[in-house]
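1. coords below, sequence missing:
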Ligand SMILES: [Zn+2]
């Protein structure tokens, strides 16, 4: 998997929409790529902020 493919899958990952096969590839790339680990953490933070906003409104 390339970093570009990884980034396309991150939102699906956070919303639990990846198939088991996709998850395997996702984790394989994640374990070998520090850039994508950073990307995932930033993305996760944004998503949790959005979820909190939805709670308060
Ligand atoms: Zn990567």
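-> Looks like it arrived, so ask away. Since the model is a prediction, treat every value here as computed from it, not as a measurement. Numbering: from 1, shown residues only.

2. contacts, neighbours, all on C-alpha from now
-> Fine.

3. now the protein against the ion: closest residue?
-> residue 3 (3.7 Å; C-alpha to the ion).

4. okay, now that residue: neighbour count?
-> Residue 3 is flanked by 14 other residues according to other C-alpha atoms under 10 Å.

5. surely residue 44 meets residue 14?
-> Yes. At 7.1 Å, residue 44 and residue 14 qualify as touching, with contact defined as C-alpha atoms under 8 Å.

6. work out for me the element residue 17 sits within.
-> For residue 17, there is no helix or strand it lies in under DSSP states H and E.

7. in stretch 29-48, which residues are buried?
-> Neighbour counts over stretch 29-48 (16 or more other C-alpha atoms under 10 Å) mark 29-30, 36, 40, 43-44 as buried.

8. between these, which is nearest residue 50?
-> Looking at those and their distance to residue 50, the nearest is residue 44, at 9.9 Å (C-alpha to C-alpha).

9. what's near enough to touch the closest one?
-> residue 14 (C-alpha atoms under 8 Å, 6 or more residues apart in numbering).
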